[in-house]
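Participant: model this:
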Amino acid sequence: MSHQLRFTALWALLLCLTTQWGVGQTLHFIVFADTDDPTIGQAGLKTHTYLAQDLAPAMAKQTGMNLAFSEYIGQRCRASELDALLTKLTPGPTDVVFFYFTGHGWNNRQNEYPSLILGNANTDRVSLETSSRNLLDVYERLRAKNARLTIAIGEACNKERSDAPPRPSSSRAPDYMKTTTYSPERFGRLFREYQGGLLMASSQRGQLSVCDPKGGLLSIALQNTLRRMLADDQKGPIAWEPVLQAVVTETEAAAQQAGQQQNPFFKTDLRLSVASKPAPMRPADPVVASASPCASVDAYVNETALAGIREDLPLLRDMNERVNSNNAESYARAFLTFYSNQKKFYDNLGQMVFYESSTMPERCRPEFQQNISWIRESTDEINERYQLIQKFAQKPLQLAAQARSELPSLITRLEEILEELDK
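Facilitator: Predicted coordinates:
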């Protein structure tokens, strides 16, 4: 074999391995969020925080891809910024593009997809046309970049502009999943082994897209579904179709609970790559910070952590009511089983309650830290009281007595956290 032929064969082999193992692949994660809007801005910021602090880093870490994070919030959520991005974005043929918009939208009767309003939503029709970009058009322009996998999700109303969107309501109690450990294999299956495109809108033409102070219903459903279906304790195959159907079903159920009809829809041309193997793990690149407005403490609350508290409180109240020296042995077993299952959660509760977003302006951090100091103190106290009870693991009578003493205050602290943060 000639030197030239050997070089060509070696280069082809290296290219194949690069494609299979994720080396050099980049995840272009793009978020547009109208966080300045007076009605849905806070909900949009919660969705942005989940995407920036949870999903984007997790996708990069679990798949071994380099993270290129771009965010356009506040005054940067503008049509000119989106146009510039669509012009300059140049993904490689093995890269992934993930685009997410959360904000106001409307249907201009050109197709079934919403037009995304980038900026002032309360303007005249002519100005609205200028400041809007249709979701389908955005997707097609991204798809034309020829990345291996392109995903575009628009969370926006899809009605005509004569219909005002509902104000966020806190009456709904969404069923958030508890914090879990992601599975690299399952993440890799969805984001490394598939190629093609996926387009998803949060509501059908003629429908509103509902949100509450905890975020948009679609983003909450997406968060729950990915945490559930990409967890490391899940068995069996994973594919995009059941994931997307689960997101649709959960969004529809939450909207119905809020007294609305909202039916997300999607289209795909996804297919499995010919050859793909799990990528080696590597640390995700840090999320790039940019200017963003000071936000309230509520904007950085980790709803998953609150869900864990919400789920555990009835169990703790029941244990508090049942504590009795006459059933000390069975009570001790029940308490220790509960605590062993939840220990990791409570050990890290102080760090989990908030996303300390890297996008938070430095000028906002001192006030933020001051405002959440009571949370650290409360979670430290909760852990101390758990420790005081469980140290009598081998002495059921003393454990029951200690539980009778410590559980009321422990429960009170958890209730205070929920009352203050579960808006």
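Participant: what sits against Q234?
Facilitator: Going by Cβ atoms under 8 Å, 6 or more residues apart in numbering, Q234 touches 183, 186, 228. (C-beta placed from N, C-alpha, C; glycine too.)
Participant: in the chain, what spans have low per-residue confidence?
Facilitator: Where the chain drops to pLDDT under 70, the residues are 1-23, 121-126, 161-180, 274-293, 356-359, 423.
Participant: could you pull out the strands for it?
Facilitator: For the chain, the strands defined by DSSP state E cover 26-33, 66-73, 96-102, 105-106, 115-117, 132-134, 149-155, 194-201, 211-212, 215-216, 265-268, 271-272.
Participant: quick revisit: which of the contacts of Q234 fall within helices?
Facilitator: Among the contacts of Q234, the members found in helices (DSSP state H) are 186, 228.
Participant: out of the contacts of Q234, which are buried?
Facilitator: Buried by 16 or more other Cβ atoms under 10 Å: 183, 186, out of the contacts of Q234.
Participant: a markdown table for the contacts of Q234, including distance to Q75?
Facilitator: Shown next, in a markdown table, are these (distance: Cβ to Cβ, whole Å):
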| residue | distance to Q75 |
| --- | --- |
| S183 | 38 |
| R186 | 38 |
| R228 | 36 |
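Participant: Turn the strands of the chain into CSV, columns for distance to L55.
Facilitator: Output for those, formatted as CSV (distance: least, Cβ to Cβ, whole Å):
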stretch, distance to L55
strand 26-33, 8
strand 66-73, 11
strand 96-102, 8
strand 105-106, 21
strand 115-117, 19
strand 132-134, 23
strand 149-155, 11
strand 194-201, 14
strand 211-212, 17
strand 215-216, 12
strand 265-268, 17
strand 271-272, 22
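Participant: Including mean neighbour count and distance to T39, could those go into TSV?
Facilitator: Output for the strands of the chain, formatted as TSV (neighbours: other Cβ atoms under 10 Å; distance: least, Cβ to Cβ, whole Å):
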stretch	mean neighbour count	distance to T39
strand 26-33	25	14
strand 66-73	21	16
strand 96-102	26	13
strand 105-106	26	13
strand 115-117	27	12
strand 132-134	20	17
strand 149-155	26	14
strand 194-201	22	20
strand 211-212	26	9
strand 215-216	28	13
strand 265-268	15	24
strand 271-272	12	40
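Participant: Identify whichever of those strands lies nearest to R376.
Facilitator: strand 215-216 (24.3 Å; Cβ to Cβ).
Participant: show me the contacts for D347.
Facilitator: By Cβ under 8 Å, 6+ apart, the contact set of D347 is N383.
Participant: next one: the one 5 residues further on
Facilitator: Applying Cβ under 8 Å, 6+ apart, we find M352 in contact with 179, 302, 304-305, 345.
Participant: How about R109?
Facilitator: Taking Cβ under 8 Å, 6+ apart, one finds E160 in contact with R109.
Participant: let's go with 10 Å and repeat that
Facilitator: Shown in contact with R109 (Cβ atoms under 10 Å, 6 or more residues apart in numbering): 115, 160, 205.
Participant: Quick check: it vs S115, distance?
Facilitator: According to Cβ to Cβ, to the nearest Å, R109 and S115 sit 10 Å apart.
Participant: Equivalent analysis for Q257, please.
Facilitator: From Q257 across to S115, the span is 28 Å (Cβ to Cβ).
Participant: May I ask you to confirm that R192 is in contact with Q62?
Facilitator: Yes - in terms of Cβ atoms under 10 Å, R192 counts as a neighbour of Q62; the distance is 9.3 Å.
Participant: Check which residues of stretch 412-423 are buried.
Facilitator: 413-414, 417, 421-422.
Participant: quick one: which of those sit in helices?
Facilitator: Among these, the members falling in helices (DSSP H) are 413-414, 417, 421.
Participant: Throw these into CSV and include distance to D83, thanks.
Facilitator: Shown next, in CSV, are those (distance: Cβ to Cβ, whole Å):
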residue, distance to D83
R413, 50
L414, 48
I417, 43
L421, 38
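Participant: Tell me which two in those residues are the farthest apart.
Facilitator: Farthest apart among those by Cβ to Cβ are R413 and L421. That separation is 12.5 Å.
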